[in-house]
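> Provided below are the primary sequence and the corresponding predicted coordinates.
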Amino acid sequence: MAEQKATPLLKDELDIVIPTIRNLDFLEMWRPFFEPYHLIIVQDGDPSKVIKVPEGFDYELYNRNDINRILGPKASCISFKDSACRCFGYMVSKKKYIYTIDDDCFVAKDPTGKDINALEQHIKNLLSPSTPHFFNTLYDPYREGADFVRGYPFSMREGSSTAVSHGLWLNIPDYDAPTQLVKPRERNTRYVDAVLTIPKGTLFPMCGMNLGFNRDLIGPAMYFGLMGDGQPIGRYDDMWAGWCTKVICDHLNLGIKTGLPYIWHSKASNPFVNLKKEYKGIYWQEDIIPFFQAVKLPKECTTVQQCYLELAKEVKAKLSEIDPYFTKLADAMVTWIEAWDELNPTGPGASSAAPAAAK
Ligand SMILES: O=c1ccn([C@@H]2O[C@H](COP(=O)(O)OP(=O)(O)O[C@H]3OC[C@H](O)[C@H](O)[C@H]3O)[C@@H](O)[C@H]2O)c(=O)[nH]1
Ligand SMILES: [Mn+2]
C-alpha cells in the first residue's frame, strides 16, 4: 500500500506572510515546504504593479489599495514603501501561528548538505517550551539529544510557553549599514546547531527576515513600527517590534528563542541607501534601549493589548523628547491595536482573551 504522506505540521493553523515589491519566483525553491500552507502576500509600493505568484500556491494578496479599503483611516499605521508593511498580514490572518520571510531568502543547506526546512524547525521551536528564567548551558533542553543539565531546578523544567522563534541567516548576515560598509564582502558561513531561549530581562535585535511567532500569545505586539515613506527612519521596524515584544513576553512569562533555523539570505541591500534609512535610529537607539530596559508594566496588564497600550503611553511620555516622531509612533501603536481588535473581535489575540496560561 502506498505510504501515507504525513500531514504537514500546523497545516491549517499557520499562515506564511511575505512582504514584497517583486515577483515571487523564490517560492519555487520553497515549494516542497511551503505549498501545503496558506500564504498572505503583502504587496508594497505601486498597487497597480502585478505581482506574479507561482502556480499551485494557496494565497491571498493585499496591495495598498486593499489596506486602505480594509482599514480606512487606520491604514495610517501601516508603513508604505518599507517591509514593515508585512504586519498587515499578521492582522488579517485568522490563524494561530505566523511565519514571515523575505523574498530574497532561500532554502539553506545544513552541514550534511541537506536542505533545511526552516518552517518545520520554527514550528518545533514554537511547539516546545522556552527557559527564560534559568539558562540551560546545553542550549534548548527540549530538542532531540539534549536535556536539562545537572543543577537545573526540577521545579523550573516545565518552562514557559514559546511566543517567538527567531531564525538566522547564512550568506548575507543582517548587519547594519556601517558594518556592511566596512565589511562589504563578509559572509556568514558559520552554521551553529543551537536553539537558545533569550533570558528574561534581556533585549535582542529581532530581524523580520526569518521569523515565526504564536499569534494567539503575542500577535498584537508584533507591530512593525512606522517606517518608509514620510518617516525619518527605516530598517528599525522589526527591531521596534522585537523590543516591545520582548518586554511584554517578560511580563507575561512567555519565551523567545533564537538560533536554528537558518535560511540563505541572497541579496545585500545597498549600504548607502540603508545608511540613509538607519542613521537616526543608530543614535536614537542609545536612548531607546535604556527606555525599554526601564519599562515596568503594571500587574493589571494581563493581555497583550493592555500591555501594548501601556507601552504606547510610556513611549509618548518618555521618548517624544528625542524626536516628535515618537509621538507619531505612539499614536500609531494605539491605532494598530484598535485596528487589530476591529479585525479580530473574538479571534486569536482578541483583547478579551488573556494569553493562554504559560505551561
Ligand atoms: O520598500 C520595500 C522594500 C522591500 N520590501 C520587501 O521587504 C523584504 C526585505 O527587503 P530586502 O531584502 O530588499 O531588504 P534587506 O535590507 O535585506 O531587509 C532587511 O532590512 C529590512 C527588513 O527589516 C528586513 O526584514 C531585513 O531583512 C523583501 O521581501 C522585499 O520584497 C518591501 O516590502 N518594501
Ligand atoms: Mn534581504
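Cool, got the structure. Ligands and ions are numbered 1, 2, ... in the order given.
> Quick check: nearest residue in space to whatever residue of the stretch 1-150 of the chain ends up closest to ligand 2, chain neighbours excluded?
Ranked by C-beta to the ion, the top residue of the stretch 1-150 of the chain for proximity to ligand 2 is residue 104, at 4.1 Å. Where C-beta positions appear, they are placed from N, C-alpha and C, glycine not excepted. Once flanking residues are discounted, residue 104 sits nearest to residue 267: 4.0 Å by C-beta to C-beta, 6 or more residues apart in numbering.
> how far away is the one you found from ligand 1?
Relative to ligand 1, residue 267 is positioned 6 Å away (C-beta to the nearest ligand atom, to the nearest Å).
> Same question for residue 155.
Counting by C-beta to the nearest ligand atom, the gap from residue 155 to ligand 1 is 38 Å.
> Show the backbone phi and psi for that residue.
phi -70, psi -10 (degrees, to the nearest 10).
> Would you mind writing the CA trace of stretch 188-199 as CSV?
Taking Å, rounded to 0.1, in the frame of the first residue of the first chain, the C-alpha atoms of stretch 188-199 are listed here in CSV:
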residue,chain,number,x,y,z
ASN,A,188,28.2,34.2,7.3
THR,A,189,29.4,30.7,6.7
ARG,A,190,29.1,29.6,10.3
TYR,A,191,26.3,27.1,10.9
VAL,A,192,25.7,26.8,14.7
ASP,A,193,23.5,23.9,15.6
ALA,A,194,21.8,25.5,18.6
VAL,A,195,18.4,27.0,19.7
LEU,A,196,18.6,29.3,22.7
THR,A,197,16.0,31.0,24.9
ILE,A,198,16.7,34.7,25.3
PRO,A,199,16.9,35.2,29.1
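> Mind listing what's buried along that stretch?
Buried residues in stretch 188-199, counting neighbours by 16 or more other C-beta atoms under 10 Å, are found at 188, 195-199.
> Among the residues you listed, which ones are in strands?
Taking DSSP state E, the ones among these that sit in strands are 195-197.
> In the stretch 101-250 of the chain, mark out all the helices, start to finish.
Ranges of helices in the stretch 101-250 of the chain, per DSSP state H, counting those that start in this stretch, are 118-127, 177-182, 215-218, 237-251.
> who wins for proximity to residue 5 among the ones you listed?
helix 118-127 (14.3 Å; C-beta to C-beta).
> Give me the contact list for that closest one.
9-10, 14, 16, 33-34, 37, 97, 99, 101, 107-108, 140, 143, 162, 165, 167, 195, 210, 212-214, 257, 260-263 (C-beta atoms under 8 Å, 6 or more residues apart in numbering).
> Now with 6 Å, please.
9-10, 33, 99, 162, 165, 167, 195, 212, 214, 257, 260-261, 263 (C-beta atoms under 6 Å, 6 or more residues apart in numbering).
> Okay, now the unreliable bits of this protein?
1-3, 347-359 (pLDDT under 70).
> Quick check: what element follows the top helix by length along the chain along the chain?
Using DSSP state H to define each element, the chain has its longest helix at helix 271-294. Next along the chain after helix 271-294, taking DSSP states H and E as the criterion, comes helix 304-319.
> Does anything pack onto the longest helix of the chain? Which helices or strands?
Applying 3 or more C-beta pairs under 6 Å, 6 or more residues apart in numbering; DSSP states H and E, one finds that helix 271-294 contacts helix 177-182.
> Outside of the helix it packs on itself, which residues are in contact with it?
Helix 177-182 is contacted by residues 271, 274-275, 278 when judged by C-beta under 6 Å, 6+ apart.
> cutoff 7 Å now
Residues from elsewhere that reach helix 177-182, judged by C-beta atoms under 7 Å, 6 or more residues apart in numbering: 268, 271, 274-275, 278.
> can you pull out the strands in this structure?
Counting by DSSP E, the chain has strands at residues 14-20, 38-43, 58-62, 97-101, 105-106, 161-171, 195-197, 210-214, 254-265.
> a markdown table for the ones you listed, including distance to residue 302?
Formatted as a markdown table, the strands of the chain follow (distance: least, C-beta to C-beta, whole Å):
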| stretch | distance to residue 302 |
| --- | --- |
| strand 14-20 | 26 |
| strand 38-43 | 29 |
| strand 58-62 | 32 |
| strand 97-101 | 22 |
| strand 105-106 | 36 |
| strand 161-171 | 15 |
| strand 195-197 | 22 |
| strand 210-214 | 17 |
| strand 254-265 | 12 |
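> and the ones you listed as CSV, adding distance to ligand 1?
Output for the strands of the chain, formatted as CSV (distance: least, C-beta to the nearest ligand atom, whole Å):
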stretch, distance to ligand 1
strand 14-20, 4
strand 38-43, 7
strand 58-62, 12
strand 97-101, 8
strand 105-106, 8
strand 161-171, 8
strand 195-197, 20
strand 210-214, 8
strand 254-265, 7
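> nearest to residue 246, of those?
Proximity to residue 246 (C-beta to C-beta) singles out strand 254-265 among these, at 6.2 Å.
> and the angle for the closest one with helix 304-319?
Between strand 254-265 and helix 304-319, the angle comes out at 80 degrees (axes from the mean of the first three to the mean of the last three C-alpha atoms, to 10 degrees).
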